[in-house]
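>>> Fold the following for me, if possible:
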Amino acid sequence: MVKITAAEVGKLRNTTGAGMMDCKKALVEAEGDFDKAIEVLRKKGQKVAAKRADRDSSEGVVVARINDDNTRGVMISLNCETDFVSKNDDYVALATKVAEAALNTNSKEELLAAQFDDSMTVAEKLIEQTGVIGEKLEIGGFEAYEAPFVGVYVHGGKIGALTGLSTSSDNAAEVAKSVSMQVASMGATTLSYKDFDAEFVQSETEARIAAIEKDNIERGRLGKALKNIPLFISRSQVTDAALAEAKANFEAELKAEGKPEAIWDRIIPGKLERFISDNVSLDKEQALLDQDFIMDDSKTVAQYVDSKGAQVVGFKRVSIA
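Numbers count the residues shown, from 1 in each chain. As a prediction, this is how the structure comes out:
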């Protein structure tokens, strides 16, 4: 039997991350051949991966990488089965190296086929590490984005966002990070209300009004105040005609209250602003630029970005489900 030294075991452990005993057994089985020992560990990973293929990998870590000139960013989630594994430093280091390999790829499939190191692809590395860790590992989320300037924010290793700006400037990093924090926190699905499909908005409007009407029946039965039923849920529905009608209604209200017509122009703009605000719930939830800015809710994200002389051109978001 070939004698295996501690140095050889240590070298294999440093290369693969496998436990000391697993490395020694692999070297014994490979009769001291280092490359064959790596193959032994890889085959072990394949067996473990096959056994755990139907397991739920809902934990993990989100990692992002930006290229040197801040024009391209990539963000992935490396998923595993337990939170305990996801918090391990070696696991985070593995995810970080996978993200580095992802920086020059455009899809999850390209990433899996990319080289992790000189000896194996990313897919092969994940199989190998499945054997080492004993849990199902997979790339959960993958997003890449290119723009004149790309910034990133990752919160707690569980959720992150990339934000693209139209130009690079002295405050671009600050703006991109702040907007990325907004995306990570509030989960926008589109850039502006202008991007919504008309049929989607109409369907959402009907569903939300129906839900409020149903809730109001129960609230009425319990003697609670009824919820307001909005006329609209998106700025895309608030047409010039709708605003003109709202203005006419406000003028009629002010006249009925006996307010002098000379001061109507000072009152009506505020009422119209509130009218719009009360009828754009979908925009506030899903349209990034129309959301209230989390760092200063007196302004929208669009107003914050404008105040910095910047323009957001797009964003991507990845989270651990």
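
>>> which non-adjacent residue is nearest I133?
Distance criterion CB to CB, 6 or more residues apart in numbering; nearest residue to I133, sequence neighbours excluded, is V85 at 6.0 Å. Every C-beta, even on glycine, is put in place using the N, C-alpha and C of the backbone.

>>> That neighbour touches E135, doesn't it?
Yes. With contact defined as CB atoms under 8 Å, V85 counts as touching E135 (5.6 Å).

>>> So what's the residue count around the residue nearest to I133?
17 (other CB atoms under 10 Å).

>>> and what of A114?
Neighbours of A114 using other CB under 10 Å come to 16.

>>> What score does it have for pLDDT?
pLDDT recorded at A114 is 96.

>>> who's in contact with it?
A101, A102, N104, T105, T121, V122 (CB atoms under 8 Å, 6 or more residues apart in numbering).

>>> and which of those residues is nearest I267?
Set against I267, the nearest of the contacts of A114 by CB to CB is A102 (55.3 Å).

>>> Ramachandran angles for that closest one?
With angles defined as degrees, to the nearest 10, A102 sits at phi -80, psi -20.

>>> and if you look at the one 5 residues further on?
Main-chain dihedrals, S107, degrees, to the nearest 10: phi -160, psi 170.

>>> My read is that it contacts F142, right?
Yes. Counting by CB under 8 Å, F142 is a contact partner of S107 at 6.7 Å.

>>> what sits up against the helix or strand hosting E199?
With secondary structure defined by DSSP states H and E, E199 is part of helix 198-221. Contacts to helix 198-221, defined as CB under 8 Å, 6+ apart, come from residues 225-230, 232-234, 236-237, 281-282.

>>> Mind putting the residues you listed into TSV with neighbour count, secondary structure and pLDDT?
Converted to TSV, these look like this (neighbours: other CB atoms under 10 Å; DSSP: H, G, I helix; E, B strand; the rest coil; pLDDT from 0 to 100):
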residue	neighbour count	secondary structure	pLDDT
A225	8	coil	93
L226	12	coil	94
K227	12	coil	91
N228	10	coil	87
I229	11	coil	88
P230	17	coil	88
F232	21	coil	92
I233	25	coil	94
S234	25	coil	95
S236	19	helix	93
Q237	20	helix	94
S281	16	helix	93
L282	23	helix	96
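
>>> In terms of neighbours, single out the busier of S107 and F142.
Neighbour count, other CB under 10 Å: between S107 and F142, F142 has more, with 21 against 11.

>>> Could you check how far that one is from A241?
Separation of F142 from A241 (CB to CB, to the nearest Å) stands at 44 Å.

>>> Using CSV, write out every CA atom in stretch 314-321.
Provided in CSV are the C-alpha atoms of stretch 314-321 (Å, rounded to 0.1, in the frame of the first residue of the first chain):
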residue,chain,number,x,y,z
GLY,A,314,-32.1,49.7,-15.7
PHE,A,315,-31.7,47.3,-12.8
LYS,A,316,-31.5,43.7,-11.8
ARG,A,317,-32.4,41.9,-8.5
VAL,A,318,-31.5,38.5,-7.0
SER,A,319,-32.6,37.1,-3.7
ILE,A,320,-32.6,33.9,-1.8
ALA,A,321,-36.2,32.6,-2.0
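
>>> same question for that stretch, mean pLDDT?
93.

>>> how about that stretch: buried residues?
Across stretch 314-321, burial judged by 16 or more other CB atoms under 10 Å covers G314, F315, K316, R317, V318, I320.

>>> Thought K316 was touching G141, still the case?
No. Counting by CB under 8 Å, G141 does not reach K316; the two are 9.2 Å apart.

>>> so what sits against both of those two?
With CB under 8 Å, 6+ apart, G141 and K316 have common neighbours M75.

>>> quick one: the helices in the stretch 51-200 of the chain?
With helices called from DSSP state H, counting those that start in this stretch, the stretch 51-200 of the chain shows them at 83-86, 89-102, 108-113, 122-133, 172-186, 198-221.

>>> one step back: can you give the distance of the next helix or strand after the helix holding E199 from its chain's centre?
Counting by DSSP H and E, the next helix or strand C-terminal to helix 198-221 is helix 240-256. Centroid separation for helix 240-256 versus its chain: 41 Å, with CA atoms, centre = their mean, to the nearest Å.

>>> as a whole number, average confidence for helix 240-256?
The model assigns helix 240-256 a mean pLDDT of 92.

>>> which parts of that helix are buried?
Applying 16+ other CB under 10 Å to helix 240-256 flags A246, K247, F250, E251, L254 as buried.

>>> In CSV, please show the C-alpha coordinates belonging to it.
C-alpha atoms of helix 240-256 as CSV (Å, rounded to 0.1, in the frame of the first residue of the first chain):
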residue,chain,number,x,y,z
ASP,A,240,-55.6,64.6,-19.0
ALA,A,241,-59.4,64.0,-19.1
ALA,A,242,-59.3,62.3,-15.7
LEU,A,243,-57.3,65.2,-14.2
ALA,A,244,-59.7,67.8,-15.8
GLU,A,245,-62.6,66.0,-14.3
ALA,A,246,-61.0,65.8,-10.9
LYS,A,247,-60.1,69.6,-11.1
ALA,A,248,-63.8,70.4,-11.9
ASN,A,249,-64.9,68.3,-8.9
PHE,A,250,-62.5,70.2,-6.6
GLU,A,251,-63.7,73.5,-7.9
ALA,A,252,-67.3,72.5,-7.3
GLU,A,253,-66.3,71.5,-3.7
LEU,A,254,-64.6,74.7,-3.0
LYS,A,255,-67.5,76.7,-4.4
ALA,A,256,-69.9,74.8,-2.2
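
>>> Fine, thanks again, bye for now.
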